[in-house]
Structures are given as structure tokens and as C-alpha cells.
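Engineer: Build me a structure from this.
(chains A, B and C)
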Amino acid sequence: MQARIVMLVDLDYFYAQCEEMRKPSIKDKPVVICVYSGRTEDSGAVSTANYIARKYGIHSGIPISLAKKKLKDAKIEGIFLPVDPPFYKKISDKIMEILRDYADPFEQVGIDEAYLDVTQRTKANYIEAEGLARKIKKNVLTKEKLTCSIGVGPNKLVAKIAADVQKPNGLTVVRNHDLASFMSPLPVRRLVGVGKKTEKKLEILNIRTVGQLSKFDIQRLIDIFGKKLGTYFHNASNGIDNTPVQERGIPESLSRISTLKENTKNLSVILNKAYNLCDEVHAKLSKRGLVYRSISIYVVAVDLSVHSRSKTLENPTSNLKTFKKTVSELFEKFLIDSDLEARRIGVKVSNLTKTEAEQKQLMNFF
DNA sequence: GAACAGAAAAC
DNA sequence: CCTCCTTTCTGTTC
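Structural biologist: Have a look, this model is predicted:
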């Protein structure tokens, strides 16, 4: 593959920034967007926090009660708001539409991130790419009143890390010439694919920085992490990533998961909740004109261990009755041979394809 | 090669 | 005290 220029546009502290836009008076306070689980008054976790809240150690994933305690200890008033996904989705859609026009091709990742291959419209020139990034930032700010951080680099991996190192409202350009000096001092945690567990494993091998990882014997990496991850680490630590920017087509799966009011192993209590989740997944499916062939259930046990069961059907379907029937069978079986108390439960459909009608529409296009 | 379950990560 | 959603990989089993 010849030289590319790839951008990663990341909408800053997205949910919290959307709320700030809706109500600018909260902008100078810690804003904490919460997923309330409904068990008790403040049970649940933080989804997103603005940068003022982050200064007090409030990050996504921590318990809401802990976030409140942190602000209380600091004697600071915070704004706690429940997530409003439809609102964020609308804003995201508008922004993604703007971004898409700058890319060739374009790849949205999640609700607040997108990769843009800008090789063509910048003629592979980094000066042009930086100018384009500024233009994009200005455009998003003018049209949607939101800031974003952009990373520009020779591939997705570098663009992503570049966007990460300076935020919010950042712009970081990494040219091939600066690749090694940019990458090698970074902690391995910055690499996509290195989370908490992998960081620990690498630390045991005395690998803390990307530079140290790049010097580590590739065969040893493969022996320890497997072929895929081992070779990925070797390449990634050298800033090499050939994965193309690709428009996302049909999703792999659609799921809904939710926390139970109380821990239980009672089938009817679980099914009552599960059927509601089925309804929601079903609604999403029909809106997108998708059918599925596989159905899964999830149980997050009291100890937070995650368990799943699944069944693949003979033929693709979108029949809600079939969905619920299968879900009930899977939960019933699970409860018989597991005896775990469920804290959270979920349902998922996968093996997705377009409906007949949608397929035809697509054919007419040609 | 497909189905299934779990782990890990990122969002 | 511990949300929610999606993807990718691995090992196992048939």
C-alpha cells in the first residue's frame, strides 16, 4: 500500500458536551452524565464527565455515589444528569454527515468517533491535511457548537493515538518523519488493544513504553499473546498499521442489557425484564430493516462475572415471538445448569442481514 | 468450517 | 460500589 493520510475525529467528552450545549449555564461546573441502574437512589455508573469533573477524579465507569463523594469532599457543586441517548444520537448524526463530506472513504466508530481517509483530497500532503483538520474543527464548532480533537497520521493507529494525546479541542499531526520519536516514549496503554489486563502482562515482561515493546522479540510476543495480538503489537509499536479506513455496513450484532432491581435466579422475574429488552432490540431491528439468525442471552452474576448462552436458528427471522421463545429457553436452561444469581441480564441478536425488501431496494440501485 | 462460550477492550 | 453497547479474538467441540 502506498502512503496515506488518515484522520481520527473524536468529539470531546461527547455526552457531557451535548448537555453543556443544551444548557450553557452548567459549563463552568463539573458535569457528570450518569447511567442510573435503578437499584437505589444513586446506584449506577458514570458514563461521561466534562473536564472540570475529571480534575476531581471523576471518570467514565466509576460508581455515581463515588463521583458524588469526590465532589462533596472537594466542597464543589456538581451537575448530575441522566444519559439521553436519542438527543446525543441526533447531534452525532448531524456531525457525522458533515465529516463524511471530507473523507474518502469514511468510517464511523461508535457515536463520537470517525476515521477519515483524506489521502486524495490532500494529495497526501501533511500541510494540506493540517489545514483540512482546522477547517473541520471550525465547521463542526460553527454548525453544531461542539469541539472535537483530531489526530492526523499515516494510518488509523497513529491518528487515533495522536487525537488522544492532546484533548479536548486538540489537533495533533504526526508525520512519518516524526513517527518513531512520537511513538517510542508513549506508555503501551496508549496503543489500541492494550487495556488493563494486557498492560499488566506487558509490565511483567518489563515492557512499559511503546519503544520497549518495539524492541521485544516478535516470536516471544507471539508465544505469549498469540499470533494475532503478537504480530499486532510488533507492528503497532513501530507505528505500522495497514488496516484500511472502511465504511461500516451492517452491524455484527444488536443488544440490550439492563440491571435488575434485585439479584435473582427467578425465571419469571428475569423473563419479565428480558422480554422488554427483546421489544427494544426488535424495534431497532425493524427500524434498520434487519433480520437475524442467532440469539444470545447474557447474565452478569452477583460477582460481576459475565456468562452467555446462544442459539443459531435454521433460517434468518425477525419474528418477535421466536425471539422471546428462544430467549426464554436459553434463560431456562442457563438457570438449570448454573445456579448463579443474576445482577444484570441482556439479550443480543447477531448474524444480521438485510430484510428481503431492503435487499431488493439495494438491487434496484444497480 | 460452523457454533458456542469466554476474555478483553473501547465506547 | 460496579452502566451500557459492540467488536474481535481464542479455545473448544462437533
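Engineer: can we go C-alpha only for contacts and neighbour counts from here?
Structural biologist: Fine.
Engineer: what ranges do the strands span in the stretch 201-350 of chain A?
Structural biologist: A:253-264, A:290-301, A:306-317, A:342-350 (DSSP state E, counting those that start in this stretch).
Engineer: can you list those in JSON lines and add mean pLDDT, distance to DNA strand B and mean neighbour count?
Structural biologist: Shown next, in JSON lines, are the strands of the stretch 201-350 of chain A (pLDDT from 0 to 100; distance: least, C-alpha to the nearest atom of the strand, whole Å; neighbours: other C-alpha atoms under 10 Å):
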{"stretch": "strand A:253-264", "mean pLDDT": "97", "distance to DNA strand B": "12", "mean neighbour count": "17"}
{"stretch": "strand A:290-301", "mean pLDDT": "97", "distance to DNA strand B": "6", "mean neighbour count": "22"}
{"stretch": "strand A:306-317", "mean pLDDT": "97", "distance to DNA strand B": "3", "mean neighbour count": "14"}
{"stretch": "strand A:342-350", "mean pLDDT": "97", "distance to DNA strand B": "10", "mean neighbour count": "23"}
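Engineer: Figure out which of those is closest to DNA strand C.
Structural biologist: strand A:253-264 (3.3 Å; C-alpha to the nearest atom of the strand).
Engineer: so, in contact with DNA strand C or not, that closest one?
Structural biologist: Yes. Looking at strand A:253-264 against DNA strand C by C-alpha under 7 Å from any atom of the strand, the contacts come from A:Ser253, A:Leu254, A:Ser255, A:Arg256, A:Ile257, A:Ser258, A:Thr259.
Engineer: Name the residues linked to A:Thr353 by a beta bridge.
Structural biologist: A:Val291 (DSSP bridges).
Engineer: In this structure it contacts A:Ser294, no?
Structural biologist: No. Counting by C-alpha atoms under 8 Å, A:Thr353 stays clear of A:Ser294, with 11.0 Å between them.
Engineer: and the longest helix for chain A?
Structural biologist: helix A:267-288 (DSSP state H).
Engineer: what's the angle from that one to strand A:342-350?
Structural biologist: 30 degrees (axes from the mean of the first three to the mean of the last three C-alpha atoms, to 10 degrees).
Engineer: Could you pull out the buried residues of helix A:267-288?
Structural biologist: Buried residues in helix A:267-288, defined by neighbour count with 16 or more other C-alpha atoms under 10 Å: A:Ile270, A:Leu271, A:Lys273, A:Ala274, A:Tyr275, A:Leu277, A:Cys278, A:Val281, A:His282, A:Leu285.
Engineer: so A:Val6 sits right up against A:Gln120, yeah?
Structural biologist: No. In this structure A:Val6 lies outside contact range of A:Gln120 using C-alpha under 8 Å: 10.4 Å.
Engineer: Comparing the two, which shows the higher neighbour count?
Structural biologist: Just comparing A:Val6 and A:Gln120: by other C-alpha atoms under 10 Å the higher neighbour count belongs to A:Val6, 29 against 13.
Engineer: And for the more buried one, nearest residue in space, chain neighbours not counted?
Structural biologist: Distance criterion C-alpha to C-alpha, 6 or more residues apart in numbering; nearest residue to A:Val6, sequence neighbours excluded, is A:Asp117 at 4.6 Å.
Engineer: can you count the residues close to that neighbour?
Structural biologist: 27.
Engineer: got the phi/psi numbers for it?
Structural biologist: phi -80, psi 110 (degrees, to the nearest 10).
Engineer: Next, find the distance separating it from A:Phe106.
Structural biologist: 6 Å (C-alpha to C-alpha, to the nearest Å).
Engineer: can you list residues touching both of those two?
Structural biologist: Common neighbours of A:Asp117 and A:Phe106, using C-alpha atoms under 8 Å, 6 or more residues apart in numbering, are A:Val245.
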